[in-house]
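*Asks:* Mind looking at a prediction? Sequence and model below.
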Amino acid sequence: LSPGAGSVTIEANLIQGNLAGSGDGGGILLRAVNGQEAGIPANQYQVGVFDNLIVNNVSGLAGAVTLQDALKVDLVNNTIANNDSTATASAAFTGNPNLSSPQPAGVVGRKHSPALIAALGLVDGYSSPTLVNDIVYHNRSFYWDNVNLPAPGGLLPLPDAPVYNDLAVLGTAGSLNPQFSVLTDTTGYAASNVAGPAAGNMLFVADYFNGERGQLVIPEFTTAIQTAPAFDEGGNFIDVRFGPLSLSGNYHVITGSVAINSGDAGVLAAYPATALDIDGEARPMAGGVDIGADERNPLSPFDIDTDGDGMADQDDNCTLVANAGQQDSNGDGFGNLCDGDLNNNGVTNALDVGVMRAALGSTIGQANYNPDADLDSNGIVNAMDMGRLRILLGKPPGPSGTAQ
């Protein structure tokens, strides 16, 4: 039995886009925290994990946050979302070498080592952290299949039919016990927990799922993490590649999020570190305590929606014209409804009127249909679009919160 790792606090970090290719804990791995000191409870080392965004990490085995031989761990006011387990590490292959077993992807407590169990005088046991005021949400569980998929195999299930596995105990019977937390599925957990929405964009400013490495535009479910057999990859047969390679997304909560005012205010006295959120802003900010790493600030730019279409200005491709659908047919960051620059020269003018006239009367599927000229995106270019174009004459496209 080791001496143990000692006590530590992990506070107010962005832990995003990391890969633990051969094992557990894509974001945080707490292993052998406790050791020879464990037999005396007063001497047991402890770990505090407060106000962290732990998102979009990938584990080849289990968990974005994984614990083993960690007796006193407090996970409080963290956001643990959109992480992935690929089950591509060797330990995930328990029988057929061409088919792995899916692993949990969110918070995982493993069975204690035999040495720690003996030191504690137990016959069994596992790491079970205190989980309060955490968002543990949409953490996807995959497995590698070279039996049902064409060679050389790949990950299942497909991204458009995800399986979420947020909380688990491995190696022995048991379960984790979240309180006052936002979960993908609250079934079987305490009544204080809150079910997260079906879509993450109803919870966060701008979340995303991992996909293939080369993606530049963040999709909802449309691309898959790439895997390929590769010899001499640090002992791993399967090489995992995912993207985007640059930090993206925004996991602050937005107005209307179920996380707002749903937390347990008792954490403020029990864990003084939670008095400030990940941005160093006071908790609570307005009303009750929020769940997750971010305490919503009512004055935050993330909450300003000038045109009232449900999209915060910084994420709205037409900030002054309500366009809840956010249609942007040419992908320039300006919504169709505020983009009369049909020839992309930077201003709406007579040349654009000519482009509009060429498409007048056309509908989707016809040769002269121009989706850019369909400013209201109703499938037909008509007088309504021409009228909108005249309002935009002499103006540049926008304004937009998403154009580069």
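*Replies:* In hand now; what should we look at? Numbers count the residues shown, from 1 in each chain.
*Asks:* Please count neighbours and contacts with C-alpha atoms only from this point.
*Replies:* Will do.
*Asks:* Next, name the residue at the spatial heart of this protein.
*Replies:* The structure's the chain has its C-alpha centroid closest to Asn82; by Cα atoms, centre = their mean the separation is 3.1 Å.
*Asks:* thinking that residue is in contact with Phe209, fair?
*Replies:* Yes - counting by Cα atoms under 8 Å, Asn82 does reach Phe209; the two are 5.8 Å apart.
*Asks:* Overlap of the contact sets of these two?
*Replies:* Asn56 (Cα atoms under 8 Å, 6 or more residues apart in numbering).
*Asks:* hang on, the earlier thing: look up the closest residue to the residue nearest to the centre of the chain, ignoring the ones flanking it.
*Replies:* Asn139 (4.7 Å; Cα to Cα, 6 or more residues apart in numbering).
*Asks:* Look up the pLDDT of that neighbour for me, please.
*Replies:* pLDDT for Asn139: 97.
*Asks:* List the contacts of it.
*Replies:* 80-85, 105-106, 164-166.
*Asks:* In strands, which of these appear?
*Replies:* 80-81, 84-85 (DSSP state E).
*Asks:* Could you tell me which of these count as buried?
*Replies:* Buried subset of the ones in strands among the contacts of Asn139 (neighbour count, 16 or more other Cα atoms under 10 Å): 80-81, 84-85.
*Asks:* Need the max-distance pair from those.
*Replies:* Ile80 and Ser85 (13.2 Å; Cα to Cα).
*Asks:* Give me the common contacts of the two.
*Replies:* 64, 139.
*Asks:* From Val355, how far off is Asp51?
*Replies:* To Val355, Asp51 is 52 Å away according to Cα to Cα, to the nearest Å.
*Asks:* Neighbour count: these two, which is higher?
*Replies:* Asp51 (31 against 16; other Cα atoms under 10 Å).
*Asks:* tell me the contacts of that one?
*Replies:* For Asp51, the contacting residues are 11-13, 76-79, 274, 277-278, 292-294, by Cα under 8 Å, 6+ apart.
*Asks:* Kindly recompute the last result at 10 Å.
*Replies:* 10-14, 75-79, 133-134, 273-280, 291-295 (Cα atoms under 10 Å, 6 or more residues apart in numbering).
*Asks:* neighbours around Leu392, how many?
*Replies:* Applying other Cα under 10 Å, I find that Leu392 has 20 neighbouring residues.
*Asks:* Does it touch Val347 like I think?
*Replies:* Yes - contact status for Leu392 versus Val347: in contact at 8.9 Å, counting by Cα atoms under 10 Å.
*Asks:* Overlap in contacts, the two.
*Replies:* 339-341.
*Asks:* Among those, which one has the most neighbours?
*Replies:* Gly340 (34 neighbours).
*Asks:* quick one: that residue and Pro371 touch, right?
*Replies:* No - if you go by Cα under 10 Å, Gly340 and Pro371 don't touch, sitting 11.8 Å apart.
*Asks:* which residues does the closest residue to Ala282 other than its chain neighbours contact?
*Replies:* Nearest non-adjacent residue to Ala282, counting by Cα to Cα, 6+ apart: Leu276, 4.7 Å away. Leu276 makes contact with 12, 50-51, 268, 282-285, 293-295, according to Cα under 10 Å, 6+ apart.
*Asks:* which one of the residues you listed is nearest Pro3?
*Replies:* Using Cα to Cα, the contacts of Leu276 come closest to Pro3 at Phe50, 24.9 Å.
*Asks:* Just the pLDDT for the closest one.
*Replies:* Per the predicted model, pLDDT is 98 at Phe50.
*Asks:* count of neighbours near it?
*Replies:* So Phe50, with other Cα under 10 Å, has 28 neighbours.
*Asks:* gap between it and Tyr251?
*Replies:* Counting by Cα to Cα, the gap from Phe50 to Tyr251 is 15 Å.
*Asks:* Poorly predicted segments of this structure, please.
*Replies:* The model of the chain has pLDDT under 70 over residues 199-201, 213-224, 226-237, 301-303.
*Asks:* Please enumerate the helices of the protein.
*Replies:* 114-120, 267-270, 350-359, 383-392 (DSSP state H).
*Asks:* In terms of secondary structure, what does the second one contact?
*Replies:* With contacts defined as 3 or more Cα pairs under 10 Å, 6 or more residues apart in numbering; DSSP states H and E, helix 267-270 has no helix or strand neighbours.
*Asks:* Buried residues, it. List them.
*Replies:* Under 16+ other Cα under 10 Å, the buried positions of helix 267-270 are Val267.
*Asks:* go on, the last one?
*Replies:* For helix 383-392, burial by neighbour count (16+ other Cα under 10 Å) applies to 385-386, 388-389, 392.
*Asks:* Include distance to Thr184 when you put the residues you listed into TSV, please.
*Replies:* What follows is the buried residues of helix 383-392, written out as TSV (distance: Cα to Cα, whole Å):
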residue	distance to Thr184
Asp385	42
Met386	45
Arg388	42
Leu389	44
Leu392	44
